[in-house]
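Chemist: Give me coordinates for this.
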Amino acid sequence: MKKECVNFWGYTRWWWAILIVGILCVVAGFFYWLFPIMGYAVASMLFGWLLIMSGVIQLCVSTSLNRPKGWGWWLVGGILNIFVGFMLVRSIVLSELVLPYFFAIIFFFWGLNVLVGAIIARHRKFWWLNLINGILLLIISYFFIESGYLQDAITISLLTSVSFIYWGFSLMIIANDMRPETK
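Modeler: Predicted structure coming up:
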């Protein structure tokens, strides 16, 4: 018997995997912030593999027997993350040219996802925090589009590190929200 979900994300036993991806994103973001000389090559490879891992986890969550309430978002997000992750890992030259645009697509999708989740969960006490989170993710997406247009490496490096730190903390909060309640 399925337990009725009171949040947009639903409950899953895979919450710990989402927590691990969030922690890895925070660590990778701080590492990139402290060592920006590494350049795009290492950053795109590192974040490409994080996106692939995140996409696989999203596919596992969306195809499990006890799928969460918003499993369609998880499925589409997983496919998108895996696609962008493989594009970043496949070709370093290509990823250096289009890295900001890939991140803009990813953060735009996450922003829409969180905004829809906030609107659906209006009856919850702190639904407005998800609304603010979604708006911030859309703003980050816009900044990636603008920095990609200008091809400003310093801005992209700083924005990438801050974005993945922010994304990691968001994933950790979502993982805590997805943890099944114990009796």
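
Chemist: Measure how far stretch 45-56 is from the centre of its chain, please.
Modeler: 10 Å (CA atoms, centre = their mean, to the nearest Å).

Chemist: which residues touch that stretch?
Modeler: Applying CB atoms under 8 Å, 6 or more residues apart in numbering, the external contacts of stretch 45-56 come out as 21, 24-25, 28, 32, 77-89, 92, 95, 103, 106, 160, 164, 171. Bear in mind the C-beta positions are built from the backbone N, C-alpha and C, glycine included.

Chemist: Which positions in that stretch come out as buried?
Modeler: Neighbour counts over stretch 45-56 (16 or more other CB atoms under 10 Å) mark 46, 47, 48, 49, 50, 51, 52, 53, 54, 55, 56 as buried.

Chemist: so after the longest helix seen in the chain, what's the next helix or strand?
Modeler: In the chain, assigned by DSSP state H, the helix with the most residues is helix 92-120. On the C-terminal side of helix 92-120, the closest following helix or strand by DSSP states H and E is helix 127-150.

Chemist: That following helix: which residues count as buried?
Modeler: Neighbour-count burial for helix 127-150 [16+ other CB under 10 Å]: 127, 130-131, 133-134, 136-138, 140-141, 143-145, 147-148.

Chemist: Show me which of those is closest to residue 64.
Modeler: Set against residue 64, the nearest of the buried residues of helix 127-150 by CB to CB is residue 130 (23.0 Å).

Chemist: What's the separation between that closest one and residue 116?
Modeler: According to CB to CB, to the nearest Å, residue 130 and residue 116 sit 9 Å apart.

Chemist: can you check residue 103 too?
Modeler: 20 Å.

Chemist: So for the two, which sits in the more crowded spot?
Modeler: More crowded of residue 103 and residue 116, by other CB atoms under 10 Å: residue 103, with 28 against 15.

Chemist: Quick check, that one in contact with residue 144.
Modeler: Yes: with contact defined as CB atoms under 8 Å, residue 103 reaches residue 144; the gap is 4.7 Å.

Chemist: Please enumerate the shared neighbours of those two.
Modeler: Common neighbours of residue 103 and residue 144 (CB under 8 Å, 6+ apart) are residue 163.

Chemist: ok, how many other residues are close to residue 166?
Modeler: So residue 166, with other CB under 10 Å, has 18 neighbours.

Chemist: just how off-centre is the one helix or strand it maps to within its chain?
Modeler: Taking DSSP H and E as the criterion, residue 166 maps to helix 153-178. Counting by CA atoms, centre = their mean, helix 153-178 is centred 7 Å from the centre of its parent chain.

Chemist: Also stretch 125-137?
Modeler: 15 Å.
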